[in-house]
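Undergrad: coords please:
(chains A and B)
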Amino acid sequence: MGADRDREGQLPVGQGREACAGTGRRIGVFICHCGSNIAGSVDVRRAAETVRGLRGVACATDYGYMCSDPGQALIRQSIAEQGLDGIVVAACSPSMHEATFRRAAEAAGLNPYRVEIANIREQCSWVHQEDREKATQKAIALIASLVEKVRGDDPLEPLGTPVTRRLLVIGGGIAGMTVALEVADAGYEVILVERGAELGGRLRQIRETYAALTPLAAPLQTLIERVREHPRIRVLLGSEVESASGYVGSFTVTVRPAAGANAPGGYRSEADPAGGTQHEVGAIVVATGYELIPLSRLGEYGGGRVADVVDALEFERLLAQEVPRRPSDGRVPRRVAFVQCAGSRDPEHGVPYCSKVCCLYTAKQALLYRQRVPDGEAVVFVIDVRTGGRRYEEFVQRAMEEGHVLYLRGKVAKVFRQGDQVIVWGVDTLAGRNVEVAADLVVLAAAVVPSAGAAELGRRLRATTDELGFFREAHPKLRPVESLTAGIFLAGAAQAPKDIAETVSQAEAAAAKVLGLFSRPELVQEPTVATVLQELCAGCGLCVSACPYEARSLNARLRVAEVNAALCQGCGACVVACPNKACVVRNWRPEQTLAMVGAVLGEVQ
Amino acid sequence: MAEAFEPRIVAFLCNWCTYAGADLAGTARLQYPPNVRIIRLMCSGALDPAYVLKALLEGADGVFIGGCHPGDCHYQNGNYKARRRVALLKKILEQTGFDPDRVWLRWISASEGRLFAQTMTEMVAAIRAKGPSPLRGRWGT
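TA: This next block holds a predicted model:
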């Protein structure tokens, strides 16, 4: 480091202004030692000396830590003193410090889009620690290729697009209503689209929460009324999204009457029946919830074939009576068997995942049943009991101890009718024997699956769903409420099975993301997007079909392709599709890449 | 005296998956041969087959293309476009008498640093076994 200190302040000047004159560019190269992280296996001084001879390079220098304050000062000073019009920083991965060096360059008056990073740490010095000579050669080649890229970089300005401060929420359950209220209370207009006849969603079918056994009807009714009466929320019942276009900050969504609405004797749709209504919104929240796997798909458990085999939501309804009565003959069931994981955790049923809420609601239903029918018997078949959550394990223990609910660990093989009873064949893996339970009623904890039409809605919104139909988040850990499409957010079980508390949390998080978006004066977008060289464009339209974002269209009058820069994500698919090379992505032009190929293979010594 | 043959490989990596996977290999200090020169693309779907041809004509002994796993493309479907384009390119290379196995397309995610290092090691060994590209030194004829 002593040698470095001597070199501070005095810049090793390359070929000087004269030598670069013919190339039209004055590029500076700054090579970072990163302590010994880079300098330990790359001869940084030799690299600097070598690249100083490259075409267009005005100066090249190395320094201990480029990202440090003195390192950035060195860059700023060189830009000013040498009149640099582009720089290459050879350092760590661009994912680490590209933004840092772009800011430093901008502070010195250099356009930040003329800053490139040569990744000589993660992709060179760290992976070739055994061979200093070859690592140095590789570092030089990588720097040379980025010099070529900078040579082709144009100065660019970030694109600003306005934000329409209005939200569209799809789904009028607890998730959708929570988002709508949060955003409307903050002062923005909300359109809430619900395809059913009423607000409230699945919560209407649930009498009390699990664990705390809090009644839901009254708070739900209050919530619905608040939504209904809110001056900034417009509720469209019996309506669904027909199509959506646009981009973050500026979506156009067409809403039409839902299938099933406006039928004779049915409920009325609040969407405009004539062709659908268009709504301009800046953000969309998907809160389409879940449904249970149809009983008919659980034939081995008697689903759809035995009247006294019901799913949990139906049992919830039976429990709402003073005493539950079974569907077939209205008798009060004296023994109820609960079958958990009915479909869940079973790839054969197409549901490889855990439905998450069943363990707790089964304990709740068994406990409530025992309270309503004190001489009744409750038997629960489980693979195992999953009770992650505050006071959840205690609640299941309460069902076992206070409710005398019998838990049998083992899968159920078959459920069938015999006389007026329903027989459950299962196995008790703890006792190691087969069990047969003659029950009056069987309750299946049927798997939680996405609402019907979720995948189709995903296609209309261009927000991806996974192979099961759940909406995909942008990052499973770090961006859990954003979809993969900017401006579209997720709340509730549309993303994955969730209980009420988790759903409300995510809905409030989604509302916070929406409010964050609406608080910005305008959206700033990377300018490295596609553009069309109109004099080369033949109007063939291949780029229009190659674009995954519908960012391209043909101008019918000029017969050339056009780009909607706000929609373009800069992927470059159109560039390859274009037979005339009329498509380019700014600062990712094909001639830049071709020059980089030449540079990495060139003999730079 | 002829020097020992050192393969020269150009790697085109998609920004979101394989480039990040290569970064992870670095963070984990997973060593692989220094014969690979990485060029970053935003998406494997932005790979123009001309880039591969240019690399081969400039004397590369092998070309590697890395993208996101099927279904994971950051741009929805760029990797499928890459797969079709590379399949076609390899067919054309074969018809010209050029060994298509000098061009590799692999899916390596941002979390697969180990797979990236292994794949690079494997490819350098495979190209070393094939020997220098017949196009080396022929450019300009």
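
Undergrad: ok, the spatially most central residue of chain B - contacts?
TA: With distances taken as Cα atoms, centre = their mean, the residue of chain B nearest its centroid is residue B:64 (0.5 Å). Each residue near residue B:64 by Cβ atoms under 8 Å, 6 or more residues apart in numbering or on different chains is listed here: B:9-12, B:36, B:103-104, B:106, B:119-120, B:123. Glycine gets a C-beta too; all of them are placed from N, C-alpha and C.

Undergrad: how does it look with 7 Å?
TA: B:9, B:11, B:36, B:104, B:123 (Cβ atoms under 7 Å, 6 or more residues apart in numbering or on different chains).

Undergrad: near chain A, which of those show up?
TA: Among the contacts of residue B:64, no residue sits close to chain A (Cβ under 7 Å from any Cβ of the partner chain).

Undergrad: secondary structure and pLDDT for those - can I get that in CSV?
TA: Output for the contacts of residue B:64, formatted as CSV (DSSP: H, G, I helix; E, B strand; the rest coil; pLDDT from 0 to 100):
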residue, secondary structure, pLDDT
B:9, strand, 97
B:11, strand, 98
B:36, strand, 97
B:104, strand, 98
B:123, helix, 98
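
Undergrad: of those, just say which sits nearest to chain A.
TA: Nearest to chain A among the contacts of residue B:64 is residue B:36, at 8.0 Å by Cβ to the nearest Cβ.

Undergrad: before we move on, the earlier item: now, the most widely separated pair of the contacts of residue B:64?
TA: Maximum pairwise distance in the contacts of residue B:64, criterion Cβ to Cβ, is 11.0 Å, between B:36 and B:104.

Undergrad: looking at those two, which is more packed in?
TA: Neighbour totals were compared for residue B:36 and residue B:104, and residue B:36 leads with 27 against 20 (other Cβ atoms under 10 Å in any protein chain shown).

Undergrad: where does chain B have low pLDDT?
TA: B:1-3, B:137-141 (pLDDT under 70).

Undergrad: strands of that one, start to end?
TA: Here chain B has its strands, by DSSP state E, at B:9-14, B:36-41, B:62-67, B:103-107.

Undergrad: cool, and the stretch 51-200 of chain A?
TA: A:57-63, A:86-91, A:115-119, A:159-161, A:166-170, A:189-194 (DSSP state E, counting those that start in this stretch).

Undergrad: mind saving the C-alpha coords of the first one as CSV?
TA: Extracted as CSV, the C-alpha positions of strand A:57-63 are listed here (Å, rounded to 0.1, in the frame of the first residue of the first chain):
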residue,chain,number,x,y,z
VAL,A,57,-8.0,5.3,-23.6
ALA,A,58,-6.8,8.7,-22.3
CYS,A,59,-5.6,7.5,-18.9
ALA,A,60,-5.5,4.4,-16.8
THR,A,61,-4.7,4.1,-13.2
ASP,A,62,-5.0,1.7,-10.2
TYR,A,63,-5.9,2.4,-6.6
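
Undergrad: could you give me the average pLDDT of that strand?
TA: Average pLDDT, strand A:57-63: 96.

Undergrad: helices or strands next to that strand in the packing?
TA: strand A:27-32, helix A:44-51, helix A:69-82 (3 or more Cβ pairs under 7 Å, 6 or more residues apart in numbering or on different chains; DSSP states H and E).

Undergrad: what's the distance between that strand and the middle of its chain?
TA: Relative to its parent chain, strand A:57-63 has a centroid offset of 42 Å by Cα atoms, centre = their mean, to the nearest Å.

Undergrad: likewise for the shortest one?
TA: Per Cα atoms, centre = their mean, the displacement of strand A:159-161 from the mean C-alpha position of its chain is 23 Å.

Undergrad: neighbouring strands - and their directions - for it?
TA: Partners of strand A:159-161 in the sheet, by DSSP bridges, are strand A:523-525 (antiparallel).

Undergrad: which residues sit against stretch A:328-335?
TA: Here stretch A:328-335 makes contact (Cβ under 7 Å, 6+ apart) with A:307-308, A:323-326, A:373, A:376-377, A:439-441.

Undergrad: got the residues of chain B near chain A?
TA: Contact residues, chain B versus chain A (Cβ under 7 Å from any Cβ): B:8, B:10, B:20, B:22-23, B:25-27, B:29-32, B:34, B:37-39, B:42-43, B:45-48, B:51, B:54-55, B:58-60, B:75-78, B:81, B:85, B:117.

Undergrad: ok, of those residues, which come out buried?
TA: B:8, B:10, B:20, B:22-23, B:25-26, B:30-32, B:34, B:37-39, B:42-43, B:45-48, B:51, B:54-55, B:58-60, B:75-78, B:81, B:85, B:117 (16 or more other Cβ atoms under 10 Å in any protein chain shown).

Undergrad: which ones among the residues you listed are found in helices?
TA: Under the assignment DSSP state H, these contribute B:20, B:22-23, B:25-26, B:51, B:54-55, B:78, B:81, B:85, B:117 to helices.

Undergrad: residue of the stretch 501-605 of chain A with the smallest distance to chain B?
TA: residue A:572 (2.8 Å).

Undergrad: now that residue, nearest residue through space, not along the chain?
TA: residue B:46 (2.8 Å; Cβ to Cβ, 6 or more residues apart in numbering or on different chains).

Undergrad: can you pull the contacts of the one you found?
TA: Residue B:46 makes contact with A:571-573, A:575-576, B:78, according to Cβ under 7 Å, 6+ apart.

Undergrad: could you rerun that using 8 Å?
TA: Counted by Cβ under 8 Å, 6+ apart, residue B:46 has contacts A:571-573, A:575-576, A:585, A:588, B:78.

Undergrad: turn the ones in helices among the buried ones among the residues of chain B next to chain A into JSON lines, including distance to residue A:290.
TA: Formatted as JSON lines, those follow (distance: Cβ to Cβ, whole Å):
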{"residue": "B:20", "distance to residue A:290": "33"}
{"residue": "B:22", "distance to residue A:290": "39"}
{"residue": "B:23", "distance to residue A:290": "38"}
{"residue": "B:25", "distance to residue A:290": "40"}
{"residue": "B:26", "distance to residue A:290": "42"}
{"residue": "B:51", "distance to residue A:290": "46"}
{"residue": "B:54", "distance to residue A:290": "51"}
{"residue": "B:55", "distance to residue A:290": "50"}
{"residue": "B:78", "distance to residue A:290": "32"}
{"residue": "B:81", "distance to residue A:290": "34"}
{"residue": "B:85", "distance to residue A:290": "40"}
{"residue": "B:117", "distance to residue A:290": "42"}
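
Undergrad: alright, calling it a day.
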